[in-house]
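1. Okay, here's the prediction I keep looking at, along with the sequence it came from:
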There are 2 protein chains.
Amino acid sequence: MKARVYVSFKPTVLDPQGQTIRGALAGLGHTSVSEVRQGKFFEIEMKPGATRDSAIREMDQIARDVLANPVIEEYRVEFLD
Amino acid sequence: MKARVYVSFKPTVLDPQGQTIRGALAGLGHTSVSEVRQGKFFEIEMKPGATRDSAIREMDQIARDVLANPVIEEYRVEFLD
C-alpha cells in the first residue's frame, strides 16, 4: 500500500520561504505570479498485509505525530492504491 | 489561476532524509512502513488574465528553471482550476 502525506503551513501562518521564491520569480520576469506557498510531501510505502482501515489509522497517526507540527501546519493523507 | 508544482528526487537518486524518517518511524513502532521518500511542493497563484496555454508554458518553465534541479529531481505540474 502506498500513501502520500502532504504537509503545509496553515493559511494564517506566514511563509517566508514562499515569499522569497515569489520575489525571485518576479526578479526573473515572472511577474504574473502573485503568491507562492511551499509545502512538503512524503511518499510512504507500507508492507503488504495491513487492512485498509488500519493503514488509514496508522498513516493519520504518523502524519499528526511525526510529519506535521499541528500547531502551525496542516496535513492531508492520500492513498494511491 | 492556481497551480501546484511537485518536486521529488528521481527514483534512482538516494533520499537520505526519507531513510532517516523511515528509521525514526521504525523506532516509534511503525514497523509496517517499508520506505519513505520526501519531496516538496509549491502552491503558485497567478494573476488573472493569462490564457491557460501561456500559464501552462510559464509554469513548466518556472518548475524546470527555478523550482527543480533537473539533474537529480523530477517535477509534475497540476492546475487546480
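-> Thanks, I have the structure now.
2. C-alpha only now, for contacts and for neighbours.
-> Will do.
3. list the helices and strands the helix or strand hosting residue A:17 packs on?
-> Taking DSSP states H and E as the definition, residue A:17 sits inside helix A:16-27. Counting contacts by 3 or more CA pairs under 8 Å, 6 or more residues apart in numbering or on different chains; DSSP states H and E, helix A:16-27 packs against strand A:33-46.
4. what angle separates the helix or strand following the strand it packs on from strand B:33-46?
-> Next helix or strand after strand A:33-46 toward the C-terminus (DSSP H and E): helix A:52-62. Calculated by axes from the mean of the first three to the mean of the last three CA atoms, to 10 degrees, helix A:52-62 forms an angle of 70 degrees with strand B:33-46.
5. so does whichever helix or strand comes after helix A:52-62 get close to chain B?
-> Scanning forward in sequence from helix A:52-62 by DSSP H and E, the next helix or strand is strand A:73-79. No - contact between strand A:73-79 and chain B is absent, the nearest approach being 12.8 Å (criterion: CA under 8 Å from any CA of the partner chain).
6. how many degrees apart are strand A:73-79 and helix A:52-62 in direction?
-> Angle, strand A:73-79 to helix A:52-62, by the same axes, to 10 degrees: 160 degrees.
7. who does strand A:73-79 pair up with?
-> Sheet neighbours of strand A:73-79, with direction, are listed as strand A:2-9 (antiparallel) (DSSP bridges).
8. And the residue of chain A closest to chain B?
-> Relative to chain B, the nearest point of chain A is residue A:40 (3.9 Å; CA to the nearest CA).
9. residues in contact with the spatially closest residue to residue A:13 that is not a sequence neighbour?
-> Excluding its sequence neighbours, the residue lying closest to residue A:13 (CA to CA, 6 or more residues apart in numbering or on different chains) is residue A:72, at 6.6 Å. Neighbour list for residue A:72: A:9, A:10, A:13 [criterion: CA atoms under 8 Å, 6 or more residues apart in numbering or on different chains].
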